[in-house]
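# structural data only, the sequence is not supplied:
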């Protein structure tokens with residue numbers, strides 16, 4: 001082999017080894033702080049134990065209890081399905097419409113300004129948002145009830161977060177008008193990536209307005225829609241912070257979700273093995289839904305293929 005070729009091979013080898021070295025550190029952190037806790041949780045779900053006490057192997061008993069014996073399980077899953085389904089619906093529609101409106105503006109400065117305005121609320125902590133809605137909007141003297149009293153419908157003004165008939169609906173309405181800055185930016189990036197040739201061809205064919213939105217824009221951003229769908233499903237299955245802050249799962253179990261029930265079993269009832277079993281069950285559910293989404297929700301590239 002010529003010396004020049006050996007030198008090039010040596011440089012390439014050092015470059016590749018350097019890349020692997022750079023990847024080794026984040027992979028090590030990922031293993032220690034993500035993979036190992038997951039495997040620990042899976043193994044712990046096969047035991048019955050409290051923190052500081054000895055563990056007793058029970059096999060799949062925690063899973064059987066959660067799925068078939070626990071009276072909270074299926075009501076909590078129904079609550080989770082309602083909140084997750086509502087979250088998916090609004091995140092796939094409202095931010096997309098807003099992104100389309102921004103993208104349709106003719107002035108680049110205006111588009112930039114509106115993107116910033118819709119992105120600013122992201123910096124507000126989620127806990128603060130939940131408290132604002134709970135105290136200022138949904139309390140007995142909050143904005144919603146005061147508005148109902150002003151228009152003469154005070155008799156229909158419940159205590160939204162303590163009435164079992166309205167608590168879950170109130171939690172679903174938090175964030176109105178549901179224009180998340182993250183989703184808007186994702187959809188806007190997808191709309192901006194549509195080639196000018198496609199838009200020009202649509203104009204020449206007379207495909208404009210709503211027809212263009214449904215026949216050209218939406219099929220071309222299926223990848224972004226799939227991403228938001230996956231993230232919405234994962235967030236809907238995992239979330240419990242808003243319920244913990246606003247209602248603590250009440251009144252009764254009217255707003256309890258599996259994630260909150262896992263939290264209570266782990267840190268209130270000290271049933272760590274049972275809580276790990278709930279966590280592993282939620283992981284399996286998220287994995288199954290994500291796999292189905294990736295299998296049946298095709299992106300624009302797949303449609304072109």
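Good, I have the coordinates. In this text, all values refer to a predicted model and were calculated from it rather than measured experimentally.
# who is the closest residue to residue 58 other than its chain neighbours paired with across the strands?
Excluding its sequence neighbours, the residue lying closest to residue 58 (Cβ to Cβ, 6 or more residues apart in numbering) is residue 48, at 4.8 Å. No exception for glycine: its C-beta is placed from N, CA and C like everyone else's. In this entry, residue 48 is beta-bridged to residue 56, by DSSP bridges.
# which residues touch residue 98?
Contact analysis of residue 98 by Cβ atoms under 8 Å, 6 or more residues apart in numbering lists 118, 179, 184.
# mind telling me what element it is part of?
helix 73-103 (DSSP states H and E).
# returning to that earlier point: and the residue nearest to residue 58, what is it in contact with?
Counting by Cβ under 8 Å, 6+ apart, residue 48 has contacts 55, 56, 58, 61, 62, 271, 273, 274.
# write the PyMOL selection for whichever of those are buried.
Buried residues within the contacts of residue 48, by 16 or more other Cβ atoms under 10 Å, are selected in PyMOL with:
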select buried, resi 58+61+62+271+273+274
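# inside helices: which ones of the contacts of residue 48?
61, 62, 273, 274 (DSSP state H).
# would you turn those residues into a markdown table with distance to residue 71 and pLDDT?
Formatted as a markdown table, the ones in helices among the contacts of residue 48 follow (distance: Cβ to Cβ, whole Å; pLDDT from 0 to 100):
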| residue | distance to residue 71 | pLDDT |
| --- | --- | --- |
| 61 | 17 | 93 |
| 62 | 16 | 93 |
| 273 | 19 | 92 |
| 274 | 14 | 93 |
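# and what about the residue nearest the centre of the chain, helix, strand or coil?
For the chain, the residue sitting closest to the mean C-alpha position, by Cα atoms, centre = their mean, is residue 235 at 2.7 Å. Following DSSP: H, G, I helix; E, B strand; the rest coil, residue 235 is assigned to helix.
# number of residues surrounding the closest residue to it other than its chain neighbours?
The shortest distance from residue 235 to any non-neighbouring residue, by Cβ to Cβ, 6+ apart, is to residue 87 (6.8 Å). By the criterion of other Cβ atoms under 10 Å, residue 87 has 19 neighbours.
# list the contacts for residue 19?
Applying Cβ under 8 Å, 6+ apart, no residues contact residue 19.
# quick one: which helix or strand includes it?
With DSSP H and E as the criterion, residue 19 is inside helix 3-30.
# so which bits of the next helix or strand after that helix are buried?
Using DSSP H and E, the helix or strand that follows helix 3-30 towards the C-terminus is helix 36-44. Neighbour-count burial for helix 36-44 flags 41, 44 (criterion: 16+ other Cβ under 10 Å).
# now do stretch 198-212
Here stretch 198-212 shows 199, 202, 207, 212 as buried, counting by 16+ other Cβ under 10 Å.
# pop the domain breakdown of this structure in here.
The chain resolves into domains spanning 1-34, 45-304 when parsed by automatic domain parsing.
# winner for burial among those?
domain 45-304 (a mean of 16; mean count of other Cβ atoms under 10 Å).
# just how off-centre is it within its chain?
With Cα atoms, centre = their mean, to the nearest Å as the basis, domain 45-304 stands 5 Å off its chain's centre.
# and residue 120, what pLDDT?
Per-residue pLDDT puts residue 120 at 84.
# in this structure, where is pLDDT below threshold?
Applying pLDDT under 70 to the chain flags the ranges 1-9, 298-305.
# tell me the SS of residue 161?
Following three-state DSSP, the label given to residue 161 is coil.
# in this structure it contacts residue 135, no?
No. With contact defined as Cβ atoms under 8 Å, residue 161 does not count as touching residue 135 (10.1 Å).
# strands of the stretch 201-305 of the chain, start to end?
Read by DSSP state E, counting those that start in this stretch, the stretch 201-305 of the chain holds no strands at all.
# tell me which stretches of it form helices.
Applying DSSP state H, counting those that start in this stretch to the stretch 201-305 of the chain gives helices spanning 209-212, 218-220, 222-238, 241-246, 258-267, 272-296, 300-304.
# looking at those helices, which is nearest to residue 39?
helix 272-296 (10.4 Å; Cβ to Cβ).
# angle of the closest one against helix 36-44?
Counting by axes from the mean of the first three to the mean of the last three Cα atoms, to 10 degrees, helix 272-296 points 120 degrees away from the direction of helix 36-44.
# tell me what helix 272-296 is packed against?
Counting contacts by 3 or more Cβ pairs under 8 Å, 6 or more residues apart in numbering; DSSP states H and E, helix 272-296 is packed against helix 36-44, strand 47-48, helix 61-64, helix 222-238, helix 258-267.
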